[in-house]
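A.B. asks: Sequence below, structure please.
(4 chains)
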There are 2 protein chains.
Amino acid sequence: MKEKLKEHIENLIPLTDEEFSLILSHVSFEKYKKNDCIIQEGEDVKNCYLVINGLLKLVYDDKNGKQHIVSFAMEDWWESDFSAYFSQTKAKMSLQCIEDTTVYSLSFKNHQKLSTELPKMKQFFLEKSNSGHSASQNRILSFLTSNAKERYEQLLKQYPLLFQRVPKTLLASYLGVSRETLSRLSS
Amino acid sequence: MKEKLKEHIENLIPLTDEEFSLILSHVSFEKYKKNDCIIQEGEDVKNCYLVINGLLKLVYDDKNGKQHIVSFAMEDWWESDFSAYFSQTKAKMSLQCIEDTTVYSLSFKNHQKLSTELPKMKQFFLEKSNSGHSASQNRILSFLTSNAKERYEQLLKQYPLLFQRVPKTLLASYLGVSRETLSRLSS
DNA sequence: AATCGAGCGTGACATACATCACAATTATAA
DNA sequence: TTATAATTGTGATGTATGTCACGCTCGATT
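C.D. replies: I've put the predicted structure just below:
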């Protein structure tokens, strides 16, 4: 597990063993079971999470009780209700396990502490945030330019694994179409 | 103009006069006219821009020649094709002036230089990136949960000024509906 | 003043997609 | 194993939105 964390960070910035120890002392390793709720809508968002194994969904429940998937988080992804995390307010989304999942959890306090004690981590977080921002913009573009079928094909192309790991209902909820429509697209 | 830049940065992090001078030496003040193209699709993206006065649109031209607005950028906003900017590749979107516009331009090189010479700027860029990411996620949510009429109302509520500054056709292109549909929504 | 084009509204029609209902299959748990 | 729930496909129908066509207004240009 530690190796995966180290690898993940060194993918962007090199680390000495001491530096990695410092990082390790600021995060905590946690295990969740399928259907567990890591972040609950309405509660404080104290942490963000790096997925080591498993699969999460970041969901928004609308007023009609319908669930919308803002994002999937698979191995090697950071996820949280970042809006609430950074402003330290209540979650308006939930983070739930689609599979049994292991994560490294980083609290907001330790996030700040680590950023000052090990400034190069700021660079790391910045690059992560930038790529998250780019990914979101691509998703917006796909809503603007593509119909349901095209969005579905783009998703399959981008994350072929996802297709086997999550029920179609969830893919539909991510794509913004009904499960019936998605079903008809496949045929 | 300098005051606006200083104010903008000090909104997030305090600066000494020396620090601000250092920043000033890394950016350049530029003026553009309505309909000018600041970033052209297909070309290198060397800079990102802080809007001081005016209004920009970040647009994507699809294969059918249709224009889609990924983002508006008004006073106090940073904008660029960030995906291309950070990876230093060709722009897949264009950045165009809706009004006469003045900006501060920051090259990628100076961005890096500034980040190392004045580490607290990393914090600034990080916070900017985070809020950009949050804004994008909200836009995604609005596509997932709302129909055209609701998205239109949300937009008006969030940016009441925009309504008076840009033609409806552009609002439609931002919302992802045809101008005819948008027109019918208003009545 | 005359002309042109951008912006906007609106009718008629086509299409993509949602919703509701039901059945079949497959996983999960008791 | 049996029972129960989750997942998926598919028909019938309704609705939101796109597309094409036309005309009106208003400001810019000549």
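A.B. asks: tell me the SS of the residue lying closest to A:Arg139 once chain neighbours are set aside?
C.D. replies: Using C-beta to C-beta, 6 or more residues apart in numbering or on different chains and skipping residues adjacent in sequence, the residue nearest A:Arg139 is B:Ile140, 5.5 Å away. C-beta here means a position set from N, CA and C on the backbone, and glycine is covered the same way. Here B:Ile140 takes the helix state, with states given by DSSP: H, G, I helix; E, B strand; the rest coil.
A.B. asks: who touches stretch A:1-21?
C.D. replies: Here stretch A:1-21 makes contact (C-beta atoms under 8 Å, 6 or more residues apart in numbering or on different chains) with A:23-24, A:27, A:29, A:50, A:52, A:76, A:102, A:104, A:118, A:120-121, A:123-124, A:127-128.
A.B. asks: what's the answer for stretch A:28-40, then?
C.D. replies: Outside stretch A:28-40, the residues touching it (C-beta under 8 Å, 6+ apart) are A:1, A:45, A:49, A:52, A:54, A:56, A:80-81, A:91, A:93-105.
A.B. asks: Contacts (any at all) between DNA strand C and it?
C.D. replies: No: on the criterion C-beta under 7 Å from any atom of the strand, stretch A:28-40 is out of touch with DNA strand C, staying 8.1 Å away.
A.B. asks: okay, how far is it across that stretch, tip to tip?
C.D. replies: End-to-end distance of stretch A:28-40 (C-alpha to C-alpha, to the nearest Å): 19 Å.
A.B. asks: hmm, who's touching stretch A:117-136?
C.D. replies: A:9, A:12-13, A:19, A:22-23, A:78, A:82, A:111, A:114-115, B:82-83, B:86, B:115, B:119, B:122-123, B:125-126, B:129-130, B:132-133, B:136-137, B:139-140.
A.B. asks: taking these one by one, which sit in helices?
C.D. replies: A:9, A:19, A:22-23, A:82, A:111, A:114-115, B:82-83, B:86, B:115, B:122-123, B:125-126, B:129-130, B:132-133, B:136-137, B:139-140 (DSSP state H).
A.B. asks: Which of the residues you listed are buried? Put it as a ChimeraX command.
C.D. replies: Of these, the buried ones can be selected in ChimeraX as follows, counting by 16 or more other C-beta atoms under 10 Å in any protein chain shown:
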select /A:9,19,22,23,82,111,114,115 /B:82,83,86,115,122,123,125,126,129,130,132,133,136,137,139,140
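A.B. asks: Centre-most residue in chain A?
C.D. replies: Most central in chain A under C-alpha atoms, centre = their mean is A:Glu79, positioned 3.1 Å from the mean C-alpha point.
A.B. asks: Next up, the contacts around that residue.
C.D. replies: A:48-49, A:51, A:56, A:58, A:71, A:73, A:95.
A.B. asks: would you list every one of the strands in chain A?
C.D. replies: A:27-32, A:37-39, A:47-53, A:56-61, A:67-73, A:78-79, A:94-97, A:101-107 (DSSP state E).
A.B. asks: Rebuild these as JSON lines, extending it with mean pLDDT.
C.D. replies: Formatted as JSON lines, these follow (pLDDT from 0 to 100):
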{"stretch": "strand A:27-32", "mean pLDDT": "97"}
{"stretch": "strand A:37-39", "mean pLDDT": "97"}
{"stretch": "strand A:47-53", "mean pLDDT": "97"}
{"stretch": "strand A:56-61", "mean pLDDT": "97"}
{"stretch": "strand A:67-73", "mean pLDDT": "97"}
{"stretch": "strand A:78-79", "mean pLDDT": "96"}
{"stretch": "strand A:94-97", "mean pLDDT": "97"}
{"stretch": "strand A:101-107", "mean pLDDT": "97"}
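A.B. asks: Residue of chain A nearest chain B, please.
C.D. replies: A:Ser136 (3.5 Å; C-beta to the nearest C-beta).
A.B. asks: contacting residues for the nearest residue to A:Glu79 once chain neighbours are set aside?
C.D. replies: With sequence-adjacent residues excluded and distances taken as C-beta to C-beta, 6+ apart, A:Glu79 is closest to A:Ala73, at 3.7 Å. Listed by C-beta under 8 Å, 6+ apart, the contact partners of A:Ala73 are A:49, A:51, A:55-58, A:79, A:95.
A.B. asks: and of these, the nearest to A:Phe163?
C.D. replies: Nearest to A:Phe163 among the contacts of A:Ala73: A:Leu55, at 12.3 Å, using C-beta to C-beta.
A.B. asks: quick one: the closest one and A:Thr101 touch, right?
C.D. replies: Yes: counting by C-beta atoms under 8 Å, A:Leu55 does reach A:Thr101; the two are 6.6 Å apart.
A.B. asks: Please name the bridge partners of A:Val27.
C.D. replies: A:Val27 has the following beta-bridge partners by DSSP bridges: A:Leu106.
A.B. asks: List the contacts of it.
C.D. replies: A:5, A:50, A:104-106, A:110.
A.B. asks: redo that, cut-off 7 Å
C.D. replies: A:104-106 (C-beta atoms under 7 Å, 6 or more residues apart in numbering or on different chains).
A.B. asks: So which bits of stretch A:88-97 are buried?
C.D. replies: Result for stretch A:88-97 [16+ other C-beta under 10 Å]: buried residues A:91, A:93-97.
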